[in-house]
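Q: need a structure here:
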Amino acid sequence: MPKSSSPAFDLPRVADAGMRELHPEDGALLLMHFAFRGLVMKADAYLAGQGLSRVHHRVLYAVARADGISIGQLIDLLGVSKQALHRPLKYLQDEGYIVAERDPQQHRSKQLRLTVRGARTEKQASAHEREAMETALRGVSPSEQEAWRKIMTVLARMA
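A: Numbers count the residues shown, from 1 in each chain. The predicted structure is shown next:
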């Protein structure tokens, strides 16, 4: 196959590894992978310093934006199983990041809320990601931003 025209294959890590294009969309997939790493790198480092991981941040992020969300709704939103959510959610509760309170209307359901500690941690981790996103978006035109948002929306709707 001829040399790729995708900028992904010019990334130092990719070039140093000697990766080659096997499919026309390989460059787009590589860019998505490394872009995501660039987006979350500082947030992940911050979270690690708190004894947390990206999965904990996903939970904190969702609860911060859907105060009072039920555990079932959170499972549906994140697209994970009850078993996959159990350990990180229990950890966040045990460590004082999230509280679960009985729903006054549906007594079998629990509503999740962030504590002050949880809100502070979520805010800082998300600030790192917002900063990376804002930096990237400033580097392209409004029409390029709109095209990117359209692509991301199509991909998100597949989830």
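
Q: now do the host helix or strand of Thr153: everything it contacts.
A: Using DSSP states H and E, Thr153 maps to helix 142-158. Residues outside helix 142-158 that contact it (CB atoms under 8 Å, 6 or more residues apart in numbering): 137, 140. C-betas here are computed from N, CA, C, even on glycine.

Q: tell me how far that helix lies from the chain's centre.
A: Put simply, helix 142-158 sits 16 Å off its chain's centre (CA atoms, centre = their mean, to the nearest Å).

Q: contacting residues for Leu52?
A: With contact set as CB under 8 Å, 6+ apart, Leu52 has these partners: Thr121.

Q: any idea how far it is from Asp67?
A: Counting by CB to CB, to the nearest Å, the separation of Leu52 from Asp67 is 20 Å.

Q: now do Pro24
A: From Pro24 to Asp67 the distance is 44 Å (CB to CB).

Q: Gly38 versus the closest residue to Ser6 other than its chain neighbours, what's the distance?
A: Setting aside the residues directly before and after it, Ser6 is nearest to Gly27 in space (CB to CB, 6 or more residues apart in numbering), at 2.4 Å. Look at Gly27 and Gly38: by CB to CB, they are 16 Å apart.

Q: centroid residue for this structure?
A: With distances taken as CA atoms, centre = their mean, the residue of the chain nearest its centroid is Arg58 (5.9 Å).
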